[in-house]
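[1] Sequence and predicted structure below; questions after.
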Amino acid sequence: METYDIEREQMVDAQIASRGILDPRVIEAMRTVPRHVFVPDDLTEFAYTDAPLPLEGGQTISQPYIVARMLEALELSPDDRVLDIGTGSGYAAAVAARLAAQVDSIERVGLLAESARATLSAHGFVNVEVHDADGTLGWPSHAPFDAIVAAAGGPDVPLAWREQLAIGGRLVMPIGMQRERQRLVKVTRVSATQFDEEDLGDVHFVPLIGEQGWPELDDDANAHKPMPRAARDAVKAAMRIEPLAGLIAAAARPLPAIDDPEFGEAFDFLADKRVVLLGESSHGTSEFYDARAAITRRLVERHGFRIVAAEADWPDAAVVDRYARLRPARGDQFPFQRFPAWMWRNEEFASFIGWLHSHNETLDTSQRCGFYGLDMYSLSASVAAVLDYLDRTDPDAASVARERYACLTPWQKDPQMYGRAAYAEAFETCESAVIEQLQAMLRTRLDDAHDDAEMWFDATQNARLVASAERYYRLMYRSSADSWNLRDTHMFETLEHLLDCRGADSKAVVWAHNSHIGDAAATEMGRVRDELNVGRLCREHFGDEAALVGFGTHAGTVAAASDWDGPMQIKVVRPSRPDSVEHQFHASGQTRCVLDLTQRAHPQLHERLREARLERFIGVIYRPETELHSHYAEASLSEQFDAFVWFDTTRAVEALATRATERAPDLYPFGV
């Protein structure tokens, strides 16, 4: 496909179909009419952006979504005759011509009428006739019209249009008592004297000038003159630095290199929070890991944070925690062996754990910062951890636990098979057995002063995990929303248990994907699929004591697989889509920055970023060829996060070896 064809397909998918335009004929017409031939030559690079574009004499070509919305409201049939007021470049008339039998289009600016006539003729739109006249008077010689549409706003529907509209005909135009602020209105002629009216919402069009519209002012007279070169250059510059991008550029705090001490200092505004959640828009981006490490170091060293909790399995994280807090290792345990191993077995994370170990060496045991896993996929390892603990502390209880967990034994290598089996109504689940074991662990809680109190907490958390995992796999084939909600609820409750265990003044940093830490209520997750997440639960529970910090990038490379359980690959991240929030950050010109999204910090920017835009989510799977459908979703950024960290270009994490026999001897706890 040609570049413009690809851009037009993307425009229709992102700006038209995904924003509620349902008429398949309108969508198809928008796919076939080449908008780039109707815009000035020096603005063709912006032809498929979601914005109006300037024409000669202060006129505009409407943004694609508005054209589609107005034409859909007209409910055009193939045999309809249409009156189009305000030809402009001829683009809207061309789209209408794909939907109706004949279009009469009127343009008061002679230069535009002549240009539109030539463009339409050159591209085969033979059922459009362009007239250079006062559009407020309509075109009585071809009346009545089945539909009338106007790309200029007047104080009321001109009488001539009402008279020229056929009974049953539809009229769509902007109406307002201010020359450039209107409501889009649909008028249907029910009878010779009766017209029904429907309000379609706020719009902003150029004024409708003419005998039955607004009077011509001095500025309107300039519409007949070509646009000065300086004015055109200013418009092009403004298009390249879009208004929202300009707001971002003005409000963002530029960041130094991540290894500069001032990088961490830029996040001191998080110091008074109880919980700081640090996101990532992919599971395989080096800058996200290094930045979270730098921010966490600052919060741990200067602001009293003693918990780092991550989107990792509890047993794997426990191995790392024993190293980080200088506690004895338990045999030859090698964490993070299952797919996707690179998510935590990477140089960036290993470097952070090395720092955490060194930092804790200087502190008393009670003041050391721990590393914990919040996730719940480690069914087999957690069963083994519970049994190992009971074997050492209460052999009789261990025997009972083995009997209870025996129900899960056939499924531990592939818990998803348990979920499939549990889908059958006659299948006897393991729910009662795992709950009984958890209750038994809670009843036999050791005295907090006992040397094994922490070991008991670890074993009990594993028992909780087994109970949650059993339910998760039972639900996964019944409801994706329920299984997601169970997983994130488990992660949040694990975070709560950690904070309770470490005391009333404990503070935690959470590392997880944006999809877990951004407020689900501000995204398609909550608005469409009724899903919650850790960020939503933290806001509900901790209020202003929780800070949700998202991360994003425009382009670069990422470590990811093409399919679940597939090999890791270094993939090129496509440049962000023009209709995405990432594109706005890219257009701001910021290479590396942090942006406070709260209303009190930047009220205007907060409101602009409340508007739903596409946002990119890359997990451990990345499929660039289907990126729009598999990796983009609508979100309201300023409601989703409290702050946003931006890296314009990023690179993939540097993965460590993933088999025990490959490990280098100096990578404990990952290798020895």
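    Nice, I can see it.
[2] What is the neighbour count of L628?
    When neighbours are defined as other C-beta atoms under 10 Å, L628 has 17 of them. From N, CA and C alone the C-beta is placed, and that goes for glycine too.
[3] so what's it scoring on pLDDT?
    Note on L628: pLDDT of 90.
[4] Can you classify it by secondary structure?
    Using DSSP: H, G, I helix; E, B strand; the rest coil, the structure places L628 in helix.
[5] which residue sits closest to it, ignoring its sequence neighbours?
    Sequence neighbours aside, D13 is the residue nearest to L628 in space, at 5.9 Å (criterion: C-beta to C-beta, 6 or more residues apart in numbering).
[6] again, but for A14
    Closest to A14 by C-beta to C-beta, 6+ apart is D579, at 4.2 Å.
[7] contacting residues around the one you found?
    Contacts for D579 (C-beta atoms under 8 Å, 6 or more residues apart in numbering) come out as Q10, M11, A14, Q15, D50, R613, L614.
[8] Now which of those would you call buried?
    Using 16 or more other C-beta atoms under 10 Å as the burial test, the contacts of D579 include M11, A14, Q15, D50, R613, L614 as buried.
[9] My read is that the second one contacts A612, right?
    Put plainly, it is A14. No - here A14 does not reach A612: they are 11.7 Å apart, not a contact under C-beta atoms under 8 Å.
[10] Pretty sure L299 sits against F305.
    Yes - between L299 and F305 there is a contact under C-beta under 8 Å: 4.3 Å.
[11] shared neighbours, these two?
    V276, K507, V509.
[12] between these, which has the most around it?
    V276 (28 neighbours).
[13] what about the spatially closest residue to V653 that is not a sequence neighbour, neighbour count?
    Among residues not flanking V653 along the chain, N346 sits closest, at 4.1 Å (C-beta to C-beta, 6+ apart). N346: 23 surrounding residues under other C-beta under 10 Å.
[14] pLDDT score for N346?
    According to the prediction, N346 has pLDDT 96.
[15] Specify the beta-bridge partners of it.
    A655 (DSSP bridges).
[16] What number of residues are in the vicinity of Q337?
    Counted with other C-beta under 10 Å, Q337 comes out at 13.
[17] I'd like the secondary structure assignment at it, please.
    coil.
[18] so how far is P624 from it?
    28 Å (C-beta to C-beta, to the nearest Å).
[19] cool, and E7?
    In terms of C-beta to C-beta, E7 sits 17 Å off from P624.
[20] out of these two, which sits in the more crowded spot?
    Comparing E7 with P624 by neighbour count (other C-beta under 10 Å), the higher total belongs to E7, at 18 against 15.
[21] In contact with that one, which residues are there?
    So E7 contacts H36, A47, Y48 (C-beta under 8 Å, 6+ apart).
[22] What values do phi and psi take at the last one?
    In this entry, Y48 is assigned phi and psi values of phi -110, psi 20 (degrees, to the nearest 10).
[23] Likewise for the second one?
    With angles defined as degrees, to the nearest 10, A47 sits at phi -60, psi -30.
[24] Then G535?
    phi -60, psi -40.
[25] what do you get for the one 10 residues further on?
    According to degrees, to the nearest 10, the main-chain angles of E545 amount to phi -80, psi 0.
[26] from the shared contacts of L299 and F305, which is closest to F352?
    For F352, the nearest member of the shared contacts of L299 and F305 is V509. The distance, counting by C-beta to C-beta, is 11.1 Å.
[27] in terms of contact, does that closest one touch F305 like I think?
    Yes - between V509 and F305 a contact is recorded at 5.5 Å, counting by C-beta under 8 Å.
[28] anything in contact with each of the two?
    By C-beta under 8 Å, 6+ apart, the residues touching both V509 and F305 are V276, T296, L299.
[29] what's the burial count for the second one?
    Right, the one you point to is T296. Neighbour count for T296, taken as other C-beta under 10 Å: 23.
[30] and it, which of the three is it?
    When the rule is three-state DSSP, T296 gets the label helix.
[31] any idea how far the nearest residue to R35 once chain neighbours are set aside is from S105?
    Closest residue in space to R35, ignoring its immediate chain neighbours: A47 at 4.9 Å, by C-beta to C-beta, 6+ apart. Distance check for A47 against S105: by C-beta to C-beta, it reads 20 Å.
[32] who has more neighbours, those two?
    Counted by other C-beta under 10 Å, A47 and S105 do not tie: S105 has more neighbours, with 29 against 21.
[33] coming back round to it: got phi/psi on the residue nearest to A14?
    Dihedral angles (degrees, to the nearest 10) for D579: phi -100, psi 20.
[34] ok, so what distance separates it from A587?
    Computed as C-beta to C-beta, the D579 to A587 distance reads 12 Å.
[35] How about D316?
    40 Å.
[36] higher neighbour count, the two?
    A count of neighbours by other C-beta under 10 Å puts D316 above the other of D316 and A587, at 24 against 20.
[37] still on that earlier bit, make JSON lines from the contacts of E7 and add pLDDT and distance to G90 to it.
    Shown next, in JSON lines, are the contacts of E7 (pLDDT from 0 to 100; distance: C-beta to C-beta, whole Å):
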{"residue": "H36", "pLDDT": "93", "distance to G90": "13"}
{"residue": "A47", "pLDDT": "86", "distance to G90": "14"}
{"residue": "Y48", "pLDDT": "86", "distance to G90": "17"}
